[in-house]
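K.L.:
Next input, structure requested:
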Amino acid sequence: MISITTSENKKVYFASDQHLGAPTAAASFPREKKFVAWLDEVKKDAEAIFLLGDLFDFWFEYETVVPKGFVRVLGKLAEIKDSGIPIYFFVGNHDLWMNDYFEKELNIPVYHKPQEFLINNKKFLIGHGDGLGPGDKGFKRMKKVFTFPLFKWMFKWLHPDLGVKLGQYMSVKNKLISGDEDATFLGEENEWLVLYCKQKLTEKHYDYFVFGHRHLPLEIALQKNSKYVNLGDWIRYFTYGELTKGELILREFKD
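P.N.:
Here you go, the predicted structure:
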């Protein structure tokens, strides 16, 4: 378990679901600039930054090729990491084919499953959130296919011009593959990430569960000292999590 203790006047930030590149590179460009502006703002007092997946609407790493574009956000992440601020990246269902590019080029660790962190003596379980809890069976089956080594090996033999275009098309058009849900609150008793968190609490205590994926900014008390936070997205809400003085709250970025 990684332990983080914030210095005086420092904060920990969380963001998720930027979906850069969707529905087109041109359409997402203003959102990329806005997200870079947010990174510029939070680097002033960040102890650490957590990115919880779907930064890109589609991402695949060939042997020597990655998808074209995203220069501004990648450059900003490199600048922040080089300045000494830790960044932790969790893959989502849209960028699940991320391998070691971030680790080698940016020195940013990449996680494919939820991880425990101890931040200011509070226990966090952090991840993207896709495929967790009951239901969502169609996506869970499809995810097993897409993460199967043979399928990944076959896909990489497509020419990048074809592979990336196909991946971008399927990412936007096919909801079973993307795993996206309609961003409508289902009620606490039906939100599968809430049910997942409650099940985890029967095994051990967590002060905070922090996820993305649902594209809804949510703060739900699970027990007296345990809370589920969903970070929303950077398509409609432009919300992020800010941990300050031991309390995690959601904020909206307005540049």
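K.L.:
Quick check: nearest residue in space to L55, chain neighbours excluded?
P.N.:
Nearest non-adjacent residue to L55, counting by CB to CB, 6 or more residues apart in numbering: Q18, 5.1 Å away. Every residue, glycine included, has its C-beta placed from N, CA and C.
K.L.:
So what's the residue count around that neighbour?
P.N.:
Counted with other CB atoms under 10 Å, the neighbours of Q18 add up to 28.
K.L.:
where does it fall, phi/psi-wise?
P.N.:
Q18 adopts backbone torsions of phi -80, psi -30, taken as degrees, to the nearest 10.
K.L.:
which residues does it contact?
P.N.:
By CB atoms under 8 Å, 6 or more residues apart in numbering, the residues touching Q18 are 31-32, 35, 54-56, 73, 233-235.
K.L.:
By neighbour count, which of those wins?
P.N.:
Within the contacts of Q18, neighbour counts (other CB under 10 Å) peak at D54, which reaches 33 neighbours.
K.L.:
thinking L74 is in contact with L106, fair?
P.N.:
Yes - counting by CB atoms under 8 Å, L74 touches L106, with 7.3 Å between them.
K.L.:
list residues touching both of the two?
P.N.:
Common contact partners of L74 and L106 (CB under 8 Å, 6+ apart): none.
K.L.:
what about K44, how many residues close to it?
P.N.:
By the criterion of other CB under 10 Å, K44 has 8 neighbours.
K.L.:
From I85, how far off is it?
P.N.:
Computed as CB to CB, to the nearest Å, the K44 to I85 distance reads 10 Å.
K.L.:
Kindly report the same for F209.
P.N.:
24 Å.
K.L.:
So for these two, which sits in the more crowded spot?
P.N.:
F209 (27 against 19).
K.L.:
Wait, that one touches K198, no?
P.N.:
No - counting by CB under 8 Å, F209 stays clear of K198, with 9.6 Å between them.
K.L.:
which residues do the two both contact?
P.N.:
Shared contacts of F209 and K198 (CB under 8 Å, 6+ apart): L222.
K.L.:
all strands for the stretch 151-255 of the chain, in order.
P.N.:
With DSSP state E, counting those that start in this stretch as the criterion, the stretch 151-255 of the chain has strands at 208-211, 217-223, 226-231, 239-244, 247-252.
K.L.:
what angle sits between the longest one and strand 226-231?
P.N.:
Following axes from the mean of the first three to the mean of the last three CA atoms, to 10 degrees, one obtains 170 degrees for the angle between strand 217-223 and strand 226-231.
K.L.:
Please renumber the chain so that the first residue is 729 from this point on.
P.N.:
In the new numbering, first residue 729, that becomes strand 945-951.
K.L.:
Give me the helices and strands touching strand 945-951, please.
P.N.:
With contacts defined as 3 or more CB pairs under 8 Å, 6 or more residues apart in numbering; DSSP states H and E, strand 945-951 has these neighbours: helix 920-929, strand 954-959, strand 975-980.
K.L.:
How far away from the center of its chain is stretch 737-754?
P.N.:
8 Å (CA atoms, centre = their mean, to the nearest Å).
K.L.:
any idea of the mean pLDDT for that stretch?
P.N.:
For stretch 737-754, mean pLDDT rounds to 93.
K.L.:
likewise stretch 771-787?
P.N.:
94.
K.L.:
then stretch 955-968 to PDB, C-alphas only?
P.N.:
Only the C-alpha atoms of stretch 955-968 are listed here, as PDB (Å, rounded to 0.1, in the frame of the first residue of the first chain):
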ATOM      1  CA  LYS A 955     -17.900   7.600   1.700                       C
ATOM      2  CA  TYR A 956     -18.200   6.700  -2.000                       C
ATOM      3  CA  VAL A 957     -17.200   9.500  -4.400                       C
ATOM      4  CA  ASN A 958     -17.600   9.400  -8.100                       C
ATOM      5  CA  LEU A 959     -15.700  12.100  -9.900                       C
ATOM      6  CA  GLY A 960     -18.100  12.900 -12.800                       C
ATOM      7  CA  ASP A 961     -16.500  13.700 -16.100                       C
ATOM      8  CA  TRP A 962     -14.900  16.400 -18.300                       C
ATOM      9  CA  ILE A 963     -17.700  16.300 -20.900                       C
ATOM     10  CA  ARG A 964     -20.600  17.800 -19.100                       C
ATOM     11  CA  TYR A 965     -19.600  18.500 -15.500                       C
ATOM     12  CA  PHE A 966     -15.900  19.300 -15.400                       C
ATOM     13  CA  THR A 967     -15.700  18.100 -11.800                       C
ATOM     14  CA  TYR A 968     -12.800  16.800  -9.800                       C
END
